[in-house]
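Trainee: Need coordinates for the below:
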Amino acid sequence: MVKTVTARFASLDKAPLSGQIAMTPAALLPGDTRFAFIQSGWHGNIVNNGRDAFMTEMQRLGVSGQAIDRLEVPGAFELPLLAKKLAQSGQYAAVVACGFVVNGGIYRHEFVAEAVVRGLMKVQLATDVPVLSVVLTPLNFHDNEEHQKFFEAHMVVKGAEAARACLETVGTLRKAHALLEKNAAGNVVKTSTKLASPNLAVQGRETRSNSPA
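Mentor: Now for the predicted structure:
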């Protein structure tokens, strides 16, 4: 799996670098670059807005909808496992997870919210694949028209932000990978030079000792 992830970033390095660090236009990514968008099924009227906004913004930035695989799980609690499965495959440059965890007045929703967000973070740290969270966890959500409209609109904003962050993160990791490879190559050269220098000094002493008096 590690070799697969390294190979993927190496292929990204073959594309020309952009002059801007903050954004990597899709045109600069290899044609086979793929992304995954996963979402929970609960509160579909809100979560679907995040998905649609993400897809719209990605296409505006030049990523074809065919390059984005979309999957759905019943609830937000199932998102980290699916994210891990996709990230470990080595087939995606990034995974974006979208969900809506609310306080229903019966269960302490912060337990679920923390488990989901922490789980997504663990996935990206374990796999070296960016996992972006569009999981909203409002503390006091009421199932009324005012809150429904507010979060439906807010999820549109977060979905578009996730698309921009997705490409920015992939671009930054690509640059970091190239930089680390460059530094590693430089260290090899320096080490080789240091190892060669004592040999040259020894050869110089031997030459002088063997010279006729």
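
Trainee: quick one: pLDDT of the residue most central in space within the chain?
Mentor: Nearest to the mean C-alpha position of the chain, by CA atoms, centre = their mean, lies Pro130 at 1.8 Å. pLDDT recorded at Pro130 is 97.

Trainee: Equivalent analysis for Lys122, please.
Mentor: Note on Lys122: pLDDT of 97.

Trainee: Name the SS class of the closest residue to it other than its chain neighbours, please.
Mentor: Residue nearest to Lys122 in three dimensions, not counting chain neighbours: Pro80, with 7.3 Å by CB to CB, 6 or more residues apart in numbering. In short, each C-beta sits where N, CA and C put it, glycine included. When classified by DSSP: H, G, I helix; E, B strand; the rest coil, Pro80 comes out as helix.

Trainee: could you measure Pro80 against Leu71, distance?
Mentor: Using CB to CB, to the nearest Å, Pro80 is found at 13 Å from Leu71.

Trainee: For these two, indicate the residue with more neighbours.
Mentor: Each of Pro80 and Leu71 has its neighbours counted (other CB atoms under 10 Å); Pro80 has more, 23 against 14.

Trainee: mind listing the helices for this protein?
Mentor: 2-13, 44-60, 79-88, 109-127, 145-209 (DSSP state H).
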